[in-house]
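In: I need the structure of the sequence given here:
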Amino acid sequence: MAALLAVAATALTACGSGGSESTASSRATTSSTSAGCTTDSTVNAPAVSLLPIPPAAVTVDDPGVEPRVVTAASADNTSPQRVVLRTSSTSTSAGPGRPAENRDQSVELGLTARFLCTDPTDVELALDSATSPEPGLASSLRKVVGSRAGLAVASGSVPGALRLLPAAEADDAARSAVEQSLLQALTQSVTLPTVPIGVGARWRAVRTVSGGATVTQTLTATLRARSGNRLTVDVAIDEEPVNSVFVVPGTDTTLTIAAYSSSGTGTVTLDLSRGLPVDGGLTVSGGRSLVGADPNAPLLQRTSFSARWQSR
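Out: Numbers count the residues shown, from 1 in each chain. From the prediction side, this is the model:
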């Protein structure tokens, strides 16, 4: 997703809102819970925004050493999961006769995750804290605290959709920042095979991600270690455009992709009993050359995105 950041930040629409901030906060803090799960879902909640996450097709290249077991998720309803997600994105755009334009955004989100008591494929999230080193954005993010979100989790422990229900008083900057942070991190989630694997297993998860450029994202994963429900997975990501068309987000304007690169690496720790990664992260960076009516005046863009998960 790093390769989609440079102009997408200006075109992301704010998440839907409804009711009042106090209502959203109340739902986040008084949701009925039983032994760490929740009975209150964001599915079909009024004014919720649904953001699909592209599915990934998994191919196992090496099943690893014995013993091999299926990495099946098993919801832990005894206690909530609390994590911090830190994301950072940068982009630089430059072209002939125009000054370089830089965009930087760093966001830190404190999240509490609970499975729905009656449905282990529904992970409900409460936004406990939100901040940024940028003073203006930090001020905006304070108003989004108390928002809710939800994940529809498919087989392979991968999120299939993100639901957002922000506090009504949060402004567009805060809503967009939370949406970008969560959606980009989740679109780079590790999809687990549904066949038995052991330490050393290597597999590929391929998905098509649509944005300014429609790209094929290939995530190559290697199971480095396993201890009970905990898996340590090394990951590498590569993206390639499916064609040469780049649509400037929010407009009908198209440019031609003359050159494109995007790749990254990282290590993530997963707990099969939890809905979100418990540790680790990855960084993706790349660049592209976009051509309009004048082939001698390309728009050059460089981008990077990093996501880090930490239990709290």
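In: is it true that residue 47 lies in a strand?
Out: No: assessed with DSSP: H, G, I helix; E, B strand; the rest coil, residue 47 is coil; it does not lie in a strand.
In: wait, doesn't it sit right on residue 165?
Out: Yes: counting by Cβ atoms under 8 Å, residue 47 touches residue 165, with 6.8 Å between them. C-beta: built from backbone N, CA, C; applies to glycine.
In: which stretches in this structure count as helices?
Out: 5-8, 21-30, 135-141, 172-187 (DSSP state H).
In: now the longest one, how far from the chain's geometric center?
Out: Here the centre of helix 172-187 is set off from its chain's centre by 8 Å, with Cα atoms, centre = their mean, to the nearest Å.
In: tell me which residues of it come out buried.
Out: Neighbour-count burial for helix 172-187, counted by 16 or more other Cβ atoms under 10 Å, picks out 173-187.
In: ok, stretch 101-109 next?
Out: For stretch 101-109, using 16+ other Cβ under 10 Å, the buried residues are 105-109.
In: give me the contact list for that stretch.
Out: With contacts defined as Cβ atoms under 8 Å, 6 or more residues apart in numbering, stretch 101-109 is touched by 5-6, 9, 84-94, 127, 129-134, 137, 141, 177-178, 180-182.
In: show the average pLDDT along it.
Out: Mean pLDDT, stretch 101-109: 96.
In: can you show me the CA trace of it as PDB?
Out: Once non-C-alpha atoms are left out, stretch 101-109 reads as follows in PDB (Å, rounded to 0.1, in the frame of the first residue of the first chain):
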ATOM      1  CA  GLU A 101       6.000  18.600  -2.400                       C
ATOM      2  CA  ASN A 102       6.500  16.600   0.800                       C
ATOM      3  CA  ARG A 103       3.800  14.900   2.900                       C
ATOM      4  CA  ASP A 104       4.500  13.200   6.200                       C
ATOM      5  CA  GLN A 105       2.000  11.700   8.700                       C
ATOM      6  CA  SER A 106       2.600   9.600  11.900                       C
ATOM      7  CA  VAL A 107      -0.200   8.300  14.000                       C
ATOM      8  CA  GLU A 108      -0.300   6.200  17.200                       C
ATOM      9  CA  LEU A 109      -3.500   4.400  18.000                       C
END
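In: quickly list what residue 49 is bridged to.
Out: On the basis of DSSP bridges, residue 49 is bridged to residue 164.
In: against residue 56, how distant is it?
Out: Counting by Cβ to Cβ, to the nearest Å, the gap from residue 49 to residue 56 is 22 Å.
In: repeat that for residue 265.
Out: Residue 265 sits 18 Å away from residue 56, going by Cβ to Cβ.
In: neighbour count: the two, which is higher?
Out: Between residue 265 and residue 56, counting by other Cβ atoms under 10 Å, residue 56 is the more crowded of the two (21 against 12).
In: from what I can see residue 68 touches residue 200, true?
Out: No: if you go by Cβ under 8 Å, residue 68 and residue 200 don't touch, sitting 10.1 Å apart.
In: residue 135: what's it in contact with?
Out: Listed by Cβ under 8 Å, 6+ apart, the contact set of residue 135 is empty.
In: now it: how far from residue 54?
Out: 35 Å.
In: try residue 63
Out: According to Cβ to Cβ, residue 63 and residue 54 sit 25 Å apart.
In: please say which of the two ends up with more neighbours.
Out: Legend: neighbour count by other Cβ under 10 Å for residue 63 and residue 54, higher for residue 63 (17 against 13).
In: for the more buried one, phi and psi?
Out: With angles defined as degrees, to the nearest 10, residue 63 sits at phi -80, psi -10.
In: start at 38, not 1
Out: Got it, the first residue is 38 from now on, which makes the last one we talked about residue 100.
In: let me know the distance separating it from residue 203.
Out: The spacing between residue 100 and residue 203, counted by Cβ to Cβ, is 42 Å.
In: same deal with residue 297?
Out: When residue 297 is compared with residue 203 (using Cβ to Cβ), they lie 33 Å apart.
In: ok, the two, which is more surrounded?
Out: Each of residue 297 and residue 203 has its neighbours counted (other Cβ under 10 Å); residue 203 has more, 28 against 19.
In: so that one touches residue 180, yeah?
Out: No: between residue 203 and residue 180 there is no contact under Cβ under 8 Å: 9.2 Å.
In: shared neighbours, the two?
Out: With Cβ under 8 Å, 6+ apart as the test, residue 203 and residue 180 both reach residue 211.
In: gap between residue 124 and residue 261?
Out: Residue 124 sits 23 Å away from residue 261, going by Cβ to Cβ.
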